[in-house]
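**Student:** dropping the sequence and predicted coords here.
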Amino acid sequence: MGGGAADLAVAGLGTGAVAALSGLGVLATYRVTGVLNVAFGAIGMLGAYLLRALVRDAHLPVYAAGLVVVLCAAPLLGLLLEAAVFGPLSVRAADAGRLLTAGFGVTVLLVGIVTAVWGEQARTDAPSLLPGSTVHLGGLDVPTAVPIELVLVLLVAFGLTWFSHGGPAIRAVIDDRRLAELAGLPARRLARIGWVAGTMLAMLTGVLLAPQLRFDPPTLTLVIFETLGVAIAARLESAPLAILFAFGTAIGQAELTGVHLSGAAGSVLDAVRSNLFVVLLLLATWLTPAFTAPTAARRATRSVRVLPPYVLLLAFALFAWNLRTVDLHAALAIPALALVLLSFRVLHSAGMLSLGQAGLAGIGALAAGWAASGWGILAAPLAGAVVAAILALPVLRQAGLHLAVATLAAATALSSFLFDQPLFTPVGVDRPSFAQSDRAFLYLELALTVLTLAALTLLDRGPAALRLTALRDSEIAARTAGIAVDRNRLAVFAAAGAVAALGGALWAAGDQVFDPTAFEPAQGLIWFAAAAAVGFADSTALIVAAIVLVIADSYVAGASAILVGVATLVLPRVRWEGVKQRAIGLEL
């Protein structure tokens, strides 16, 4: 038994080393720039696909291709991200929401580009940079790759520790980059070093991890992203702790392969064994102290509507009357997705961010299927509200980036432990008896969307509007004024969960089957980025975004991710310049 446990522990060392490199890459960027690089999973995925293309398609030797990817492509991408995306945001002291939006905008853009170029099919032919032989040490057969990976981890940890000794200068750059530059500190150079180091380690993680997996662009992105729990558990500060959590989780995951159970317990054990890094990420966001990015004064956002949402839905209803059968069925996803995007508006009313709405939409779809009745879609909002409230409780007092990452971890856990388990997945989802045809069901969806919009007007004009505005503008001031902040935040989470779950139930009922891939966390990132790009507060823009996403994906795989990625990086900047010009005009 002991020898077997030792063999399993050795097998986990390789995965632990890759996870440690990933966590150190996140720390490298965060320590220098103060930005939690949530795009590092997509960057690692891009590195794996670049290496595969250079070796399989361009027929370069694997080591030469590895040098091109890690030492050329990665630094260039890091410099580009710093110069075009995160550098300008840091100079403007952007808040956590804008930094998060930019990070996931980069994520969905890279996923969309890779999907468009190399396809969305799963692959198992990633070339390996490390030898596949073994050496006999201390009575154990140790893969030759393991000592190499351990040396890499030690070198990177030593380099990160040495670089961090620039303490005061780096801290000044993080706190206020513009002021640091005025004081003569090399802020731009330090930021470039941080981004170059982070992207190099992200791509190195991707090329080392891909040969161990059956992967596609979204899956590989999320697998690398799940190792973020290593850095968060280390409080985004301690390299030794990050390494400890990486190896501890990987060895624990390997040891669980030696445990065998039957029946439902075996299915649960398999899920835990395959997703132990997801568990670490979830627990880390629940239990560690709050982390955030540099924040600026929060401004309330107001939507400027060119077209009222009711008029837009009426125009869509009239247009849908003449749609062909194939197009009509594809259009069923539009109102469903519009509801999921509108759930972000509910959260925004209280100044909160969530990356878990896809998971709550999946809960709604499951509830509709379990009800075994066409009226199951009406049970979905209740199920979504309850699950949202339960998931919100451990992080109810967190905000900004911490809250967003915690909700993404929850969505990943729902996908891994619930949606992907045959034990919990229904076969079909029924429609109401009076809406069996696609046309009738589409008009039912539109009616429910109109009712939801009517309910959302309470966020602007109802008795809760002042309380939510106070929460959005200043939580401290709201507590001082006697507002029950925790209760109101919980109510907002539940309401947003109900709206997202209704959208998920309609989505599943439109297809008349529960498809777990429709509610994967990667899909939720695209939805979040789309809502952020057009503006969380604008109902009309959110509905337009739903229309554009559904149409784009019906023609080209990955098209919606590319559109959303570009829009996320361009539209918020256009709105920022407009605000700045108006402010200058007021000063003049």
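**Tutor:** Everything's here; your move. In this text, all values refer to a predicted model and were calculated from it rather than measured experimentally.
**Student:** strands of the chain, start to end?
**Tutor:** Using DSSP state E, the strands of the chain run over residues 134-137, 140-143.
**Student:** ok, of those strands, where does mean pLDDT dip lowest?
**Tutor:** Averaged per stretch, pLDDT over the strands of the chain is lowest on strand 134-137, reaching a mean of 69.
**Student:** my read: residue 396 touches residue 487, true?
**Tutor:** No - at 9.5 Å, residue 396 and residue 487 do not qualify as touching, with contact defined as CB atoms under 8 Å. No exception for glycine: its C-beta is placed from N, CA and C like everyone else's.
**Student:** these two: which has the busier surroundings?
**Tutor:** The neighbour comparison of residue 396 against residue 487 (other CB atoms under 10 Å) goes to residue 396, with 15 against 11.
**Student:** got the phi/psi numbers for that one?
**Tutor:** Torsion angles at residue 396 (phi, psi; degrees, to the nearest 10) stand at phi -60, psi -30.
**Student:** for it, give me its contacts.
**Tutor:** Under the criterion of CB atoms under 8 Å, 6 or more residues apart in numbering, the contact partners of residue 396 comprise 486, 489-490, 493.
**Student:** residue 412 versus that one, what's the distance?
**Tutor:** When distances are taken as CB to CB, to the nearest Å, residue 396 and residue 412 turn out to be 20 Å apart.
**Student:** what's the pLDDT at the closest residue to residue 532 other than its chain neighbours?
**Tutor:** The spatially closest residue to residue 532, leaving aside those adjacent along the chain, is residue 101, at 4.1 Å (CB to CB, 6 or more residues apart in numbering). For residue 101, the model assigns a pLDDT of 81.
**Student:** pull the number of nearby residues for residue 101.
**Tutor:** Residue 101 - counted by other CB under 10 Å - has 26 other residues nearby.
**Student:** go ahead and confirm it touches residue 529.
**Tutor:** Yes - the pair residue 101 and residue 529 passes the contact test of CB under 8 Å, sitting 6.7 Å apart.
**Student:** quick check: neighbours shared by the two?
**Tutor:** Common neighbours of residue 101 and residue 529 (criterion: CB under 8 Å, 6+ apart): residue 568.
**Student:** thought residue 108 was touching residue 527?
**Tutor:** No - checked against CB under 8 Å, the pair residue 108 and residue 527 is beyond contact range at 9.5 Å.
**Student:** who's more crowded, these two?
**Tutor:** Between residue 108 and residue 527, counting by other CB under 10 Å, residue 108 is the more crowded of the two (32 against 27).
**Student:** any idea how far that one lies from residue 221?
**Tutor:** 9 Å.
**Student:** which residues do those two both contact?
**Tutor:** Counting by CB under 8 Å, 6+ apart, the residues touching both residue 108 and residue 221 are residue 42.
**Student:** so where is the stretch 51-200 of the chain shaky, pLDDT-wise?
**Tutor:** Counting by pLDDT under 70, the low-confidence segments of the stretch 51-200 of the chain come to 90-97, 136-141, 163-187.
**Student:** just the helices in it please.
**Tutor:** 62-68, 74-81, 87-91, 96-118, 145-163, 167-175, 177-182, 187-209 (DSSP state H, counting those that start in this stretch).
**Student:** for the stretch 401-550 of the chain, same thing?
**Tutor:** Listed in chain order, the helices of the stretch 401-550 of the chain (DSSP H, counting those that start in this stretch) span residues 438-456, 458-461, 465-473, 475-480, 485-511, 521-534, 539-555.
**Student:** could those helices be laid out in CSV, adding distance to residue 329 and mean pLDDT?
**Tutor:** CSV is the format used below for these (distance: least, CB to CB, whole Å; pLDDT from 0 to 100):
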stretch, distance to residue 329, mean pLDDT
helix 438-456, 5, 93
helix 458-461, 33, 75
helix 465-473, 38, 76
helix 475-480, 45, 74
helix 485-511, 8, 93
helix 521-534, 19, 90
helix 539-555, 10, 89
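**Student:** so which of these comes closest to residue 89?
**Tutor:** Closest to residue 89 of the helices of the stretch 401-550 of the chain is helix 521-534 (CB to CB; 13.3 Å).
**Student:** check which residues of the closest one are buried.
**Tutor:** By 16 or more other CB atoms under 10 Å, the buried positions in helix 521-534 come out as 521-534.
**Student:** just checking, residue 235 touches residue 290?
**Tutor:** No - applying CB under 8 Å, one finds residue 235 not in contact with residue 290, separated by 10.2 Å.
**Student:** list the contacts for residue 212?
**Tutor:** So, once contact is read as CB under 8 Å, 6+ apart, residue 212 ends up touching 14-15.
**Student:** just the pLDDT for it.
**Tutor:** Per-residue confidence at residue 212 stands at 88 (pLDDT).
**Student:** distance of it relative to residue 218?
**Tutor:** Going from residue 212 to residue 218 by CB to CB gives 17 Å.
**Student:** repeat that for residue 34.
**Tutor:** Summarising the geometry, the distance separating residue 34 from residue 218, computed by CB to CB, is 28 Å.
**Student:** ok, now residue 415?
**Tutor:** Relative to residue 218, residue 415 is positioned 11 Å away (criterion: CB to CB).
**Student:** and residue 382, by the same measure?
**Tutor:** With distances taken as CB to CB, residue 382 is found 30 Å from residue 218.
**Student:** what residues sit buried inside stretch 371-380?
**Tutor:** Counting neighbours by 16+ other CB under 10 Å, stretch 371-380 gives 371, 374, 376-380 as buried.
**Student:** could you dump those to JSON lines with distance to residue 266 and pLDDT?
**Tutor:** Putting these into JSON lines (distance: CB to CB, whole Å; pLDDT from 0 to 100) gives the following:
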{"residue": "371", "distance to residue 266": "28", "pLDDT": "81"}
{"residue": "374", "distance to residue 266": "34", "pLDDT": "69"}
{"residue": "376", "distance to residue 266": "29", "pLDDT": "76"}
{"residue": "377", "distance to residue 266": "33", "pLDDT": "88"}
{"residue": "378", "distance to residue 266": "35", "pLDDT": "86"}
{"residue": "379", "distance to residue 266": "30", "pLDDT": "89"}
{"residue": "380", "distance to residue 266": "30", "pLDDT": "93"}
